[in-house]
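J.: next come a sequence and a model predicted from it.
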Amino acid sequence: MAKSKPSHLLVIRLSAMGDIAMTVPVLLALTQQYPSLKITVLTRAFFAPIFSSISNVTVYSVDVKGKHKGFFGLWKLAKELRTLDIDATADLHHVLRSTILKQFLRFSGIPVKQLNKGRSAKKALTRAENKTFTPLKTTHQRYAEVFKVLGFPIQLEAEHVLEPVLLSKETRTTLGLSKKKLIGIAPFAAFKGKTYPLELMEKVIYGLQDLKDYEMVLFGGGEKEKAQLEIWENKFEHCISAVGKIAFSEELILISNLSVMLSMDSGNGHLAAMYKVPTVTLWGVTHPYAGFYPFNQMGNTLVSDRTKYPETPTSVYGNKFPPGYEKAMETIAPEKILKKILEILNRTS
């Protein structure tokens, strides 16, 4: 029988990187306001470093492509989790895989509360006709609501961020970094509709290379992105690609040392925000009103021109848009991006 007041929560969030990073401010608030509460986060092993410095939080790694694959793999996973003496489960993912797992856990009397994704409100925001263009709850707020239902109401504050970690001499040497301050640039996203055109991003980099007190660090993943970032690394002064050179845990430390991050509506922006790094995000066919902007960074969002592209946002994830809308991000001028970055650097220097 489940305890009346849970003392050990299972938190399910398997992917994607940005959504996982958005759990950090919520878990920080939860652990600070309920210091005796034990939390186990169920996620992929790769993401474990994200939670390494949060008190009372441990990670249980799921292998969805191996031993935990499919129906019987999830049954095996449920049996493993039952040995952890979990009192209740917070499903912050709410997909088919987590739903099946939840049913197995319920068989053992473990109560489960799941994320309300607000699908109807998001549909109203993204539809072409009779659009309801108004800010929705943030993902952070939606996560917090799950814990409230479980008996743990929390107050999210700007202070619920991770502390920066000293960048090691080894990482500096590996990347060839000097002692200059760092500007992060993460120019890629999963879909074309929310990726800033490379020729325009190149103009931004060109403008930033004149800041002699700063070095630019480029972030991405995959061979295609790696190749593009190496082109910029070789073309511009004070410009260094981090792709494939350091482990993810060191990449997080590197991000925590940035003076500012320039990102798309994508994971790297959320990684920077969880360290309270000022994070400028660019929005094409998606929009921060859907609630996915980095923690406490609404004031640093730059959006496409809705006068020219009135159906924006056309989707939550950036995968759906009418013909021509892939050009929406071109309405965010490089000069506007540079101005925002310089405002932040002048304010924080």
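T.: Sure, I can see it.
J.: tell me how far F152 lies from A88.
T.: 10 Å (CB to CB, to the nearest Å). For every residue, glycine as well, the C-beta is placed using N, CA and C.
J.: let me redo that: P49
T.: On the measure of CB to CB, P49 and A88 end up 26 Å apart.
J.: of these two, who's got more company?
T.: The neighbour count for P49 versus A88, taken as other CB atoms under 10 Å, is higher for A88 (22 against 16).
J.: now do the shared contacts for F152 and A88.
T.: By CB atoms under 8 Å, 6 or more residues apart in numbering, F152 and A88 have these common neighbours: L9.
J.: please parse the protein into its domains.
T.: Under the assignment automatic domain parsing, the domains of the chain span 8-149, 170-348.
J.: in a markdown table, list those domains along with mean pLDDT.
T.: Output for these, formatted as a markdown table (pLDDT from 0 to 100):
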| stretch | mean pLDDT |
| --- | --- |
| domain 8-149 | 96 |
| domain 170-348 | 96 |
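J.: for those domains, which one sits closest to L162?
T.: L162 sits nearest to domain 170-348 of all the domains of the chain, at 5.1 Å, using CB to CB.
J.: now do the end-to-end distance for that closest one.
T.: Terminal residues of domain 170-348 lie 27 Å apart, using CA to CA, to the nearest Å.
J.: the residue lying closest to D85 once chain neighbours are set aside - how many residues pack around it?
T.: Once flanking residues are discounted, D85 sits nearest to H8: 6.0 Å by CB to CB, 6 or more residues apart in numbering. A count of nearby residues for H8, using other CB under 10 Å, gives 15.
J.: is the closest residue in space to P153 that isn't next to it in sequence in a helix, a strand, or coil?
T.: In space, P153 comes closest to F147 once its chain neighbours are excluded; the distance is 7.4 Å by CB to CB, 6+ apart. The three-state assignment at F147 reads helix, by DSSP: H, G, I helix; E, B strand; the rest coil.
J.: so what's the residue count around F147?
T.: Per other CB under 10 Å, the neighbour tally for F147 reads 25.
J.: what sits against M274?
T.: A21, M22, V24, P25, I50, V161, L162, F295.
J.: with those residues in mind, which one is nearest to P313?
T.: Nearest to P313, judged by CB to CB, of the contacts of M274 is M22 at 18.1 Å.
J.: and the spatially closest residue to that closest one that is not a sequence neighbour, what is it in contact with?
T.: Once flanking residues are discounted, M22 sits nearest to T139: 5.0 Å by CB to CB, 6+ apart. Contact analysis of T139 by CB under 8 Å, 6+ apart lists D19, M22, G291, F292.
J.: just those residues now: which is nearest A45?
T.: D19 (16.7 Å).
J.: now the closest one, nearest residue through space, not along the chain?
T.: Closest residue to D19 apart from its sequence neighbours, by CB to CB, 6+ apart: R13 at 6.4 Å.
J.: got the contact list for the helix or strand hosting S98?
T.: Using DSSP states H and E, S98 falls within helix 96-107. Among residues not part of helix 96-107, those counted as contacts by CB under 8 Å, 6+ apart are 10, 12, 14, 64, 71, 74-75, 77-78, 81-82, 86, 89, 91, 112, 114.
J.: G176: which of those is nearest?
T.: Nearest to G176 among the contacts of helix 96-107, counting by CB to CB, is L14 at 35.2 Å.
J.: ok so that closest one is a helix residue?
T.: No: counting by three-state DSSP, L14 is not found in a helix; it is coil.
J.: burial of it, as a residue count?
T.: 20.
J.: so it touches F46, yeah?
T.: No: using CB atoms under 8 Å, L14 makes no contact with F46, being 10.9 Å away.
J.: tell me the pLDDT at K3?
T.: Note on K3: pLDDT of 50.
J.: can you pull the contacts of P313?
T.: L125, T126, W283, V285, T286, H287, Y289, A290.
J.: measure it to A128 for me?
T.: From P313 across to A128, the span is 11 Å (CB to CB).
J.: same check, this time on R44
T.: Distance from R44 to A128, by CB to CB: 36 Å.
J.: paired strands for the strand or helix carrying T58, with orientation please.
T.: Using DSSP H and E, T58 maps to strand 57-61. In the sheet, strand 57-61 lines up against strand 38-43 (parallel) (DSSP bridges).
J.: now the partner strand against helix 96-107, angle please.
T.: Strand 38-43 runs at 140 degrees relative to helix 96-107, counting by axes from the mean of the first three to the mean of the last three CA atoms, to 10 degrees.
J.: would you mark the buried spots in strand 38-43?
T.: K38, I39, T40, V41, L42, T43 (16 or more other CB atoms under 10 Å).
J.: list the contacts for the one residue sitting closest to the centre of the chain?
T.: Centroid check for the chain by CA atoms, centre = their mean gives G18 as the closest residue, at 2.1 Å. Residues in contact with G18 (CB under 8 Å, 6+ apart) are S266, G267, G269, H270, L271, F292.
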